[in-house]
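Novice: take this sequence and fold it.
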Amino acid sequence: MGSVVVDQIGPDGALVADVDRTLRESEKNALLLEALPGARVATYAGQRVVRFGDDVILKKQVTHLGNPWPAFKKRIQIPNEWLAAARQTAEDNLRLRFVGIYHYGEVTIFVDFDPQTYLSRKANNSAAHVSTNDLFQAQTLGQFSRVDRNGNRLTSVRSDRFAAYLAGVRAAQDRRLECFERFNTEFLRAGRVEALDAVQQMHAALWPDRYQAEWPGFYLEFKLDSFLRSNGLQDSMDFQKSKRRGLYDYDLVFKSGPRIDFYGDLKASDIAARESPGNDARDLGRCVREFGRFWYVVYEHDTLHSRNRGNLATIAWNEWRRSVGYVGSKEFNPLSYAGRFKESVDFRRMFVLEVNPANFGVVLGDFNQGKQPDGAARAVKVMINKRNIDNFLIYSQDVATISGH
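Specialist: Numbering: from 1, shown residues only. Reported below is the predicted structural model:
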């Protein structure tokens with residue numbers, strides 16, 4: 001038994017706070033044999049493995065990473081001895097599996113770690129990481145795959161689906177993620193976006209926020225909305241620029257025809273930033289309770305600031321706004337917003353981050369909003385902390401993977 005109370009997953013996907021229980025070797029084997037009819041325990045390249053057809057399964061228990069790490073961080077240890085088995089499977093033309101076994105009460109989930117990235121580092125008793133959200137997704141969906149922020153590919157599979165998974169059955173990708181994949185093929189490959197070009201595109205389309213100083217986020221909204229409309233995808237995902245009375249005040253509505261499945265929000269964030277501001281904590285909690293999940297869709301960009309390049313872009317932007325009839329609340333200043341204005345951005349990667357009942361309390365930190373002008377405290381907002389990204393990451397793409405298509 002472990003001594004530290006950490007995240008566990010119940011049969012319905014509910015988050016449970018409890019200690020890890022150590023599995024004996026015989027128990028790990030029994031869980032695999034129960035899930036894989038016809039499998040057998042064998043010795044292979046000096047290791048006790050489970051053989052299932054052409055699969056050679058090397059196994060370790062999924063447990064908490066240990067103090068001082070957060071309760072959602074879990075892992076298996078990959079010993080150096082597994083390298084000999086890897087070499088042997090290559091010679092014998094068999095499939096090597098690095099499998100983590102998570103077991104709590106009635107719940108058993110197998111985590112299939114792609115061996116390649118670990119073998120390239122020569123293992124050396126390294127850790128393969130998995131998060132509470134991976135287990136939640138597997139328990140509620142049956143099968144869940146992602147690539148973590150270090151480029152490791154892992155698939156979490158509920159025990160009743162494991163035999164089918166090893167036989168090659170893969171879960172269909174959510175159609176909403178397919179929409180983003182199509183959009184990314186255009187958007188992430190577009191290269192560097194100059195401020196004046198972006199705002200002029202928005203102005204030509206009469207986009208409501210075309211005069212805003214923080215233009216990259218509004219340009220992202222404009223491009224996604226245009227993509228969804230031109231491709232007739234609004235039955236799956238809609239961008240609501242004008243919020244309707246009685247609905248949640250979020251950018252994205254994920255739908256099945258007329259029915260709302262859940263909501264999300266679109267964010268543009270500097271790739272160097274450690275955090276990205278979220279939404280009102282109370283409303284977000286209510287939304288997650290009502291719909292079961294919420295998606296933050298975050299596009300990260302490299303940034304060139306005008307202040308570092310003579311403020312020429314800032315001056316051009318202010319002059320352009322005046323030329324098209326924009327009148328601000330203050331007297332015209334060609335250097336308005338000079339300290340923060342972005343001359344250009346290059347969108348490099350994106351994440352879809354799911355907030356759900358299993359990770360709501362640990363993946364978001366409070367964002368201190370300060371006070372209202374009258375001195376009253378502002379409503380507490382949440383903050384997306386990027387160091388915790390793997391506990392709510394469900395999909396990602398970057399320029400390199402897009403270019404590789």
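Novice: Asp249 touches Cys287, doesn't it?
Specialist: No: when contacts are counted by CB atoms under 8 Å, Asp249 is not listed as touching Cys287 (9.8 Å). Yep, even glycine has a C-beta here, placed from its N, CA and C like the rest.
Novice: the two: who's more crowded?
Specialist: Neighbour tally, Asp249 and Cys287, criterion other CB atoms under 10 Å: the higher count belongs to Cys287, 21 against 13.
Novice: so who does the more buried one touch?
Specialist: Taking CB atoms under 8 Å, 6 or more residues apart in numbering, we find Cys287 in contact with 248, 250, 262-263, 294.
Novice: if we go to 10 Å?
Specialist: Counting by CB atoms under 10 Å, 6 or more residues apart in numbering, Cys287 touches 248-250, 262-264, 279-280, 293-294, 355.
Novice: ditto for Ile76
Specialist: 58-63, 98-102, 111, 113, 126-130.
Novice: any of these buried? List them.
Specialist: By neighbour count, with 16 or more other CB atoms under 10 Å, the contacts of Ile76 hold 58-63, 98-102, 111, 113, 126, 128-130 as buried.
Novice: point out the ones among these that are inside strands.
Specialist: Filtering the buried ones among the contacts of Ile76 for membership in strands, criterion DSSP state E, returns 58-61, 63, 98-102, 111, 113, 126, 128-130.
Novice: contact partners for Phe360?
Specialist: 15, 281, 284-285, 288-289, 293-294, 382, 392.
Novice: same question for Leu65.
Specialist: Going by CB under 10 Å, 6+ apart, Leu65 touches 6, 71-75, 127, 129-131.
Novice: and it, how close does it get to Gly361?
Specialist: Separation of Leu65 from Gly361 (CB to CB, to the nearest Å): 18 Å.
Novice: try Asp225
Specialist: 32 Å.
Novice: higher neighbour count, the two?
Specialist: Higher neighbour count among Asp225 and Gly361: Asp225, with 19 against 12, using other CB under 10 Å.
Novice: let me see the mean pLDDT of the stretch of helix or strand that one belongs to.
Specialist: Assignment of secondary structure by DSSP states H and E places Asp225 within helix 215-230. Averaging pLDDT along helix 215-230 yields 98.
Novice: what's the next secondary structure element after it?
Specialist: Scanning forward in sequence from helix 215-230 by DSSP H and E, the next helix or strand is strand 237-239.
Novice: just confirm Tyr326 is within a helix.
Specialist: No: counting by DSSP: H, G, I helix; E, B strand; the rest coil, Tyr326 is not part of a helix but coil.
Novice: could you pull out the strands for the stretch 201-350 of the chain?
Specialist: All strands of the stretch 201-350 of the chain, identified by DSSP state E, counting those that start in this stretch, fall at 237-239, 252-256, 259-270, 275-280, 294-305, 342-355.
Novice: mind telling me which of the ones you listed the model trusts least?
Specialist: Lowest mean pLDDT of those: strand 275-280, a mean of 78.
Novice: report the angle between it and strand 259-270.
Specialist: Orientation of strand 275-280 against strand 259-270 (axes from the mean of the first three to the mean of the last three CA atoms, to 10 degrees) gives an angle of 150 degrees.
Novice: and stretch 181-194, how far out from the chain middle?
Specialist: The chain centroid and the centroid of stretch 181-194 are separated by 19 Å under CA atoms, centre = their mean, to the nearest Å.
Novice: measure that stretch end to end?
Specialist: End-to-end distance of stretch 181-194 (CA to CA, to the nearest Å): 24 Å.
Novice: other residues contacting it?
Specialist: Contacts of stretch 181-194 (CB under 10 Å, 6+ apart): 173, 180, 200-201, 215-216, 219-220, 223-224, 226-228, 231, 233, 237, 299, 301-302, 304, 313, 316, 342-350, 395, 397-403, 405.
Novice: could you identify the buried members of the residues you listed?
Specialist: Neighbour counting by 16+ other CB under 10 Å classes 180, 201, 215-216, 219-220, 223-224, 226-228, 233, 237, 299, 301, 304, 313, 316, 342-347, 349-350, 395, 397-399, 402 among the contacts of stretch 181-194 as buried.
Novice: among the strands of the stretch 201-350 of the chain, which is nearest Ala90?
Specialist: Closest to Ala90 of the strands of the stretch 201-350 of the chain, according to CB to CB: strand 342-355, at 32.3 Å.
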